[in-house]
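A.B. asks: My questions are about this predicted structure, shown below with the sequence.
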Amino acid sequence: KTTADVVTVKLTRNGVQGWGECVPYARYGETVESVIEQLQSVPPQITRAELMETLPAGAARNALDCAIWDLKAKETNSRVWQLAKLPKPQPVQTAFTLSLDTVENMTRAAAQNAHRPILKLKVGTPDDLNRLVAVRNAAPNAKLVIDANEGWTIDDYHMLINHLMDLNIALIEQPFPAGQDACLTDLDRPIPICADESVHNSADLPALLGKYDCVNIKLDKSGGLTAAIDLKAKSQAMGFGIMVGCMVGTSLAMAPAQLLASDATLVDLDGPLLLAKDRVIPISYDARGMHPAPAELWG
């Protein structure tokens, strides 16, 4: 992948501008064109509550919902976390993703990023174990989480699980295809398993009980910050741990997601770290982690 295609929404009212960003995701049948078409179908005057009923959960609703939040914050000279009654954001450590590649290239990438506290590995091939061993050797002190992207079978799981424990893997994300994960009910889960493709909004949660230990909340899946706040609250009430994730987008997409990160089990908001070019006013990442977004960027 050499580019990240995003859709940016700008709302203007009385000279004040609100901004939002989304990443159309082919896995869910979205394209840049389909998202723009959805956005253009929305009436020019719409509330967040009306938006929840007008567009389905997904990228288009996310960008517009976040833009409405941003506009309201700027109109009232406040911050979105205050309007939403969320904790004031603080710096948080985020995972850094190592893309699925050859063993040699993943080893090199792990060595280059061994100083990072959390590394997330994309896996899902017959050669997964070799990749994992190589990355662990190259980054012995990093917390490792893995994302199988729906790529495993039950046999893969049984073959790998003891090795994963030996490698001190902290979390396994979406090992089996969404809709084909009933087998998790009968599997031992010595390592917590996180739902990603299997969870979009709070309506999906009852079907996850007994299968997953935590849920990955992504605003592009839930359809915005409004729905994500609801998803997080209901997930925690049902006993799920929280992972806050993202698609590969800019700091504008990370800013609203970070408002959910204060008490998350895992934060995976590394999109800007994977980009050659970010927004003019970006989120700052350093040894302390991911810093709160400047008001000039969003919120």
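C.D. replies: Cool, the structure landed.

A.B. asks: Please enumerate the strands of the stretch 151-299 of the chain.
C.D. replies: If DSSP state E, counting those that start in this stretch is used as the criterion, the strands of the stretch 151-299 of the chain fall at 169-173, 193-195, 214-217, 241-244, 266-267, 285-286, 289-290.

A.B. asks: and the second one, what does it pack onto?
C.D. replies: Strand 193-195 is packed against strand 169-173, strand 214-217, with contacts defined by 3 or more Cβ pairs under 8 Å, 6 or more residues apart in numbering; DSSP states H and E. Bear in mind the C-beta positions are built from the backbone N, C-alpha and C, glycine included.

A.B. asks: who does that strand pair up with?
C.D. replies: Paired with strand 193-195 in the same sheet, following DSSP bridges, are strand 169-173 (parallel), strand 214-217 (parallel).

A.B. asks: And for the fifth one?
C.D. replies: Looking at strand 266-267 with DSSP bridges, its partner strands are strand 241-244 (parallel).

A.B. asks: pLDDT (mean, whole number) over the partner strand?
C.D. replies: With pLDDT averaged residue by residue, strand 241-244 scores 98.

A.B. asks: Please list the outside residues in contact with it.
C.D. replies: Contacts with strand 241-244, where a contact means Cβ atoms under 8 Å, 6 or more residues apart in numbering, come from 171, 173, 192, 194, 213-218, 232, 235-236, 257-258, 260-261, 263-269.

A.B. asks: redo that, cut-off 6 Å
C.D. replies: The contact list for strand 241-244 (Cβ atoms under 6 Å, 6 or more residues apart in numbering) reads 194, 213-214, 216-217, 232, 257, 260-261, 264-267.

A.B. asks: just the helices in the stretch 101-250 of the chain please.
C.D. replies: Residue ranges of the helices in the stretch 101-250 of the chain, as given by DSSP state H, counting those that start in this stretch, are 103-112, 128-138, 154-166, 219-222, 225-237.

A.B. asks: What residues sit buried inside whichever strand or helix holds residue 65?
C.D. replies: Assessed by DSSP states H and E, residue 65 sits inside helix 59-75. Of the residues in helix 59-75, 59-74 count as buried by neighbour count, 16 or more other Cβ atoms under 10 Å.

A.B. asks: Could you list every helix and strand that the next helix or strand after that helix packs against?
C.D. replies: Next along the chain after helix 59-75, taking DSSP H and E as the criterion, comes helix 80-83. Using 3 or more Cβ pairs under 6 Å, 6 or more residues apart in numbering; DSSP states H and E as the contact criterion, no helix or strand is in contact with helix 80-83.

A.B. asks: Could you list the buried residues of helix 80-83?
C.D. replies: Burial within helix 80-83, assessed by neighbour count using 16+ other Cβ under 10 Å, is assigned to 80, 81.

A.B. asks: Relative to the whole chain's centre, how far out is the helix or strand that that helix is followed by?
C.D. replies: Sequence-wise, the next helix or strand downstream of helix 80-83 (DSSP H and E) is strand 96-98. Using Cα atoms, centre = their mean, to the nearest Å, the mean C-alpha position of strand 96-98 is found 13 Å from that of the whole chain.

A.B. asks: same for strand 96-98, what does it pack against?
C.D. replies: Based on contacts counted as 3+ Cβ pairs under 6 Å, 6+ apart, the elements that strand 96-98 packs against are strand 118-122.

A.B. asks: picking up where we left off before, compare the strands paired with strand 193-195 and give me the one nearest residue 24.
C.D. replies: The closest approach between residue 24 and any of those, judged by Cβ to Cβ, belongs to strand 214-217 at 18.3 Å.

A.B. asks: neighbouring contacts of the closest one?
C.D. replies: With Cβ under 6 Å, 6+ apart as the test, strand 214-217 has contacts from 192, 194-196, 199, 228, 231-232, 235, 240-241, 243-245, 265.

A.B. asks: circling back to that earlier point, what's the closest of the strands of the stretch 151-299 of the chain to residue 274?
C.D. replies: Between residue 274 and the strands of the stretch 151-299 of the chain, the shortest gap by Cβ to Cβ is with strand 285-286, which sits at 11.2 Å.
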